[in-house]
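Chemist: Got a sequence here, can you model it:
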Amino acid sequence: MTREKFDEVLKTLCGVMPFRPFTVELDNGQRLEIDYPLAIRDGVAVYLAPRGAPTILRYDSVNQIMAAPASSDAG
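Modeler: Below is the predicted model of the structure:
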């Protein structure tokens, strides 16, 4: 995924009011359900999971971004 596309898609999804959870799939196949808006800048985003450590997402480690939460994915 390009840096520009990464920033564009995440800013669009994080700007939806009211906020709706979405899914980020990493290159290693791991899926993260994003349930709160991210801090996004220049191809990097920071996700603060509930009771968890911050997760740094880089544009070059993301396979795809899906507008549906992970819990609604088939399979």
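
Chemist: show me where the protein has helices.
Modeler: Assigned by DSSP state H, the helices in the chain fall at 3-14.

Chemist: Nearest residue to the middle of it?
Modeler: Val24 (4.2 Å; C-alpha atoms, centre = their mean).

Chemist: Quick check, pLDDT for the residue nearest to that residue when sequence neighbours are not counted.
Modeler: Take Val24 and drop its neighbours on the chain: the residue closest to it by C-beta to C-beta, 6 or more residues apart in numbering is Leu32, 4.9 Å away. Yep, even glycine has a C-beta here, placed from its N, CA and C like the rest. Note for Leu32: predicted pLDDT of 93.

Chemist: Leu32: what's it in contact with?
Modeler: Thr23, Val24, Glu25, Leu26, Tyr47, Thr55, Leu57, Ala70 (C-beta atoms under 8 Å, 6 or more residues apart in numbering).

Chemist: which residues touch the first one?
Modeler: Read it as Thr23. Arg31, Leu32, Glu33, Ile34, Ile65, Met66, Ala68, Pro69, Ala70, Asp73.

Chemist: same question, the fifth one
Modeler: Neighbouring residues of Tyr47 by C-beta under 8 Å, 6+ apart: Val24, Leu32, Ile34, Tyr36, Leu38, Pro54, Thr55, Leu57.
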